[in-house]
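# this one's sequence-less:
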């Protein structure tokens, strides 16, 4: 089945630094990838939709200058949390849809970000 | 705005029991509905995808139904096992665009 790889699985960084998270579709091409954020005991909140070769579409309330998204190829999207602060600590999950409008979404294993 | 609700929020059952998880959504104009499983600290694993024109999908011990007109879906798990313990999320995809709207999930514990 379709596999989405997310890296790193966890990261600890100091306040003020930037962190990059990678999301790769390993065995299919994904023109669209999605980035979610999940707080403890809560469901997923869509942050942005990443389209290959164009600018990402951000959800209301998500700062695009804070959460930089790059989707440079059909198999790779990156999320960079810039000037991270403790309140950015969360679980970030990416997903991608295999070709075909009826295809299911496949998710990466998530990245646990802790900002100290 | 689409809202997705899952009941119950948590469920604990003994091993071997059959169980039903419920998902309801407010806007019946959906494209499809997908059930996921999430283990602690992990991403989501897709379990079943039901298109809006379908009424049910089956995979092994799992059966998902969809009643679009009433805005409801159920996930039936037969002969539950301790390995089924996880949080189960349902998500609906609206007619326009690709976004999914997730429910809050049902945390299932199957006791040996």
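The structure has been received and is ready for your questions. Computed from a predicted structure; not experimentally measured.

# which residues of chain B score low on pLDDT?
Scanning chain B with the threshold set as pLDDT under 70 gives B:96-98.

# Up against chain A, what does it have?
Applying Cβ under 8 Å from any Cβ of the partner chain, one finds that chain B approaches chain A through B:32, B:34, B:36, B:41-46, B:49, B:51, B:89, B:91, B:98-100, B:102-105. Backbone N, C-alpha and C define where each C-beta goes, glycine included.

# Narrow those to those in strands?
With strands taken from DSSP state E, the overlap with the residues of chain B next to chain A comprises B:32, B:34, B:36, B:44-46, B:49, B:51, B:89, B:91, B:100, B:102.

# which of the residues you listed lies closest to residue B:9?
residue B:89 (11.9 Å; Cβ to Cβ).

# Quick one: residues contacting that closest one.
For residue B:89, the contact set (Cβ atoms under 8 Å, 6 or more residues apart in numbering or on different chains) comprises A:43-44, B:6, B:35-38, B:44, B:102-103, B:105.

# how about 7 Å then?
The contact partners of residue B:89, taken as Cβ atoms under 7 Å, 6 or more residues apart in numbering or on different chains, are A:43, B:36, B:38, B:44, B:102-103, B:105.

# Specify the local secondary structure of residue B:83.
Judged by DSSP: H, G, I helix; E, B strand; the rest coil, the three-state class of residue B:83 is helix.

# which element is the closest residue to it other than its chain neighbours on?
Residue nearest to residue B:83 in three dimensions, not counting chain neighbours: residue B:110, with 7.7 Å by Cβ to Cβ, 6 or more residues apart in numbering or on different chains. Using DSSP states H and E, residue B:110 sits within strand B:106-111.

# which residues does the residue lying closest to residue A:74 once chain neighbours are set aside contact?
Closest residue to residue A:74 in three dimensions, ignoring its sequence neighbours and counting by Cβ to Cβ, 6+ apart: residue A:29, at 3.9 Å. Counting by Cβ under 7 Å, 6+ apart, residue A:29 touches A:74-75, A:99.

# For residue A:29, report the pLDDT, please.
Looking at residue A:29, its pLDDT stands at 89.

# Quickly list what the residue nearest to residue B:31 when sequence neighbours are not counted is bridged to.
What sits nearest to residue B:31 in space, not counting adjacent residues and going by Cβ to Cβ, 6+ apart, is residue B:93, at 4.4 Å. Legend: beta-bridge partners of residue B:93 under DSSP bridges are residue B:32, residue B:100.
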